[in-house]
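Novice: what would the 3D arrangement of this be:
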Amino acid sequence: MGVGREGRYFMTRRFLLGSIGAAHSMHGEVVLQSFTKDPKDIAAYGPLTDETGRRTMEIISIRVAGKGIIARLKGVNDRTAAEGLRGTALYVDRDKMPVPKPEDFYHADLVGLKVIAPDGKAIGEVIDVPNYGGGDLIEIRPDAGGETILVAFTKDYVPVVDVAGGRLEVIVPVLNEDEPEDGDDSEASG
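Specialist: Residues are numbered from 1 along each chain as shown. Predicted coordinates for the structure are as follows:
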């Protein structure tokens, strides 16, 4: 466990920064997929670990090429060794990430926050911040049980993000149960 900004405790977490793709050369270079804002910044976090946290990889050089980001890893000196790393996810410990500005946060810091309605009524807890291609969503496990709720992570639906206070204010859209959902043409005549 560590202490976050403003004294909030968080479980030690690791952030996924990228993954290793194909071998690039006979000398052990690899193609990297980087999830950092500037793809080359993946090298700025120091040694990275695999999913288990037991295997450490250190990027000793990085460059942009036609195939993407090409990197040389410490101890990987030939194509066979590079091919053996294909598909390896690259993580960094949470404490190596920069402290976000007061108005910023990491998505991982939202997981576990309580979700309340604008009137203060408890709704549930954030369990994920997925993105299926249409923008970030907040996935909520309702306190009342049942299926999780997905809400667009926009100011319209999530007007308050209070990481230090351990809560999000969320406006959950309500479907009118009297109206058929898209594609429901049970009342249409044939």
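Novice: outline the domain layout of this structure.
Specialist: With domains defined by automatic domain parsing, the chain comprises 2-96, 107-169.
Novice: for the last one, measure first residue to last.
Specialist: If I follow you right, that is domain 107-169. Start-to-end span of domain 107-169 (Cα to Cα, to the nearest Å) is 15 Å.
Novice: ditto for stretch 84-97
Specialist: 28 Å.
Novice: ok, stretch 38-46 next?
Specialist: 16 Å.
Novice: what stretches of this structure score poorly on pLDDT?
Specialist: 1-12, 175-190 (pLDDT under 70).
Novice: let's see that with 80 instead.
Specialist: Residues of the chain meeting the criterion pLDDT under 80: 1-13, 67, 102-103, 174-190.
Novice: name the residues of the strand or helix carrying residue 82 that are buried.
Specialist: Here residue 82, judged by DSSP states H and E, is contained in helix 79-83. Neighbour-count burial for helix 79-83, counted by 16 or more other Cβ atoms under 10 Å, picks out 79, 82. Any C-beta I mention is one placed from the backbone N, CA and C, and that applies to glycine too.
Novice: kindly report the same for stretch 136-145.
Specialist: Residues 137-141 are the ones in stretch 136-145 that count as buried (16+ other Cβ under 10 Å).
Novice: residues making contact with that stretch?
Specialist: 107, 110, 115, 122-131, 148-153, 157-158, 168, 170, 172 (Cβ atoms under 8 Å, 6 or more residues apart in numbering).
Novice: emit the ChimeraX select command for whichever of those residues are buried.
Specialist: Buried members of the contacts of stretch 136-145, defined by 16+ other Cβ under 10 Å, are picked up in ChimeraX with:
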select :110,115,123,124,125,126,127,129,149,151,153,158,168,170
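Novice: pull the CA atoms of stretch 59-78 into PDB?
Specialist: In PDB, the C-alpha atoms belonging to stretch 59-78 read as follows (Å, rounded to 0.1, in the frame of the first residue of the first chain):
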ATOM      1  CA  ILE A  59      14.700  -0.300 -22.700                       C
ATOM      2  CA  ILE A  60      18.200   0.800 -23.600                       C
ATOM      3  CA  SER A  61      17.400   2.500 -26.900                       C
ATOM      4  CA  ILE A  62      14.200   3.500 -28.700                       C
ATOM      5  CA  ARG A  63      13.400   5.000 -32.100                       C
ATOM      6  CA  VAL A  64      10.500   5.700 -34.400                       C
ATOM      7  CA  ALA A  65      10.400   3.700 -37.600                       C
ATOM      8  CA  GLY A  66       7.900   2.900 -40.300                       C
ATOM      9  CA  LYS A  67       6.700  -0.100 -38.300                       C
ATOM     10  CA  GLY A  68       6.200   2.000 -35.200                       C
ATOM     11  CA  ILE A  69       8.500   2.100 -32.100                       C
ATOM     12  CA  ILE A  70      11.600   0.000 -32.300                       C
ATOM     13  CA  ALA A  71      13.400  -0.800 -29.100                       C
ATOM     14  CA  ARG A  72      16.500  -2.600 -27.900                       C
ATOM     15  CA  LEU A  73      16.100  -4.300 -24.500                       C
ATOM     16  CA  LYS A  74      18.900  -5.000 -22.100                       C
ATOM     17  CA  GLY A  75      20.100  -8.600 -22.500                       C
ATOM     18  CA  VAL A  76      18.100  -9.300 -25.700                       C
ATOM     19  CA  ASN A  77      20.900  -9.700 -28.300                       C
ATOM     20  CA  ASP A  78      19.500 -11.900 -31.000                       C
END
